[in-house]
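1. any chance you could fold what I've pasted below:
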Amino acid sequence: MTTWWDEVYTGDAPAPWDIGRPQRSLVRVAERGLLSGQVLDAGCGTGEHAILASRHGADSMGIDISPAAIAKAKAKAAERGVTARFEVADVLSLGELGITFDTVVDSGLFHVFDDKDRARYVTNLGLALRTGGVCYLMCFSDRQPGEFGPRRVRQDELRAAFSDGWTVESITADTFEINPIGEATDAQAWLAVLIRR
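-> A predicted model of the protein is given here:
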């Protein structure tokens, strides 16, 4: 059965977040040598951040619940000559992968979950990230005006979600680049740096 996410990735217009390149904020992270070792791109969509990590020398893997997104990610990696791996998997069951990562990238995933699934996701992130490992998490910010788009996240919500077993190293105001929606070409975001204790 085709999921809603598959429909998003096979529709006529690209999804707002599927901009055909990595987010500038995460490019800066990669350029500082911080996407290293075994890197997981959680909810990778069409794979831009796993490909970015691979280009910077990481052993990278992207997972997404959408087979259509994973097919596009595999095609991109092959076309670009990159060795990133991609698998269809549910981020709410990361612990079942049986792999521990040094670094996790979450670009626009955390904010899609309701409170119950948010807690489950954070628990599974903890299972998939080695002690001392880092998660770079970009999510929609409560600084974004209006109501269109995903759930807004406050800084205190991020701190609360990652209060047990994590150190919140920083939360910085940032922006998501998006495909144009009306006149908008970006949206307000938080970039959180989270360390697994």
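
2. correct me if wrong: residue 187 contacts residue 175.
-> Yes: contact criterion CB atoms under 8 Å: residue 187 and residue 175 qualify, at 6.6 Å. Where you see a C-beta, it was placed from the backbone N, CA and C, and this is true even at glycine.

3. what count of nearby residues applies to residue 13?
-> 8 (other CB atoms under 10 Å).

4. no no, residue 187
-> 23.

5. so what's it up against?
-> 140, 141, 144, 149, 175, 176, 178 (CB atoms under 8 Å, 6 or more residues apart in numbering).

6. how much space between it and residue 197?
-> Noted for residue 187: a distance of 31 Å to residue 197, by CB to CB, to the nearest Å.

7. kindly report the same for residue 149.
-> Taken as CB to CB, the span from residue 149 to residue 197 is 32 Å.

8. between the two, point out the one with more neighbours.
-> residue 149 (17 against 9).

9. my guess is the more buried one contacts residue 140. True?
-> Yes: contact status for residue 149 versus residue 140: in contact at 6.4 Å, counting by CB under 8 Å.

10. next secondary structure after the longest strand belonging to the chain?
-> Secondary structure of the chain per DSSP state E: the longest strand is strand 166-181. Toward the C-terminal end, the helix or strand that comes next after strand 166-181 (DSSP states H and E) is strand 184-196.

11. how far off strand 166-181 does that following strand point, in degrees?
-> Between the axis of strand 184-196 and that of strand 166-181 there is an angle of 160 degrees, by axes from the mean of the first three to the mean of the last three CA atoms, to 10 degrees.

12. starting at the chain centroid, how far to strand 184-196?
-> The chain centroid and the centroid of strand 184-196 are separated by 10 Å under CA atoms, centre = their mean, to the nearest Å.

13. pairing partners for it, with directions?
-> Each strand paired with strand 184-196, and its direction, by DSSP bridges: strand 129-140 (antiparallel), strand 166-181 (antiparallel).

14. same list (the ones you listed) but as a markdown table, adding mean pLDDT, mean neighbour count and distance to residue 94.
-> Shown next, in a markdown table, are the strands paired with strand 184-196 (pLDDT from 0 to 100; neighbours: other CB atoms under 10 Å; distance: least, CB to CB, whole Å):
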| stretch | mean pLDDT | mean neighbour count | distance to residue 94 |
| --- | --- | --- | --- |
| strand 129-140 | 98 | 20 | 9 |
| strand 166-181 | 96 | 15 | 15 |
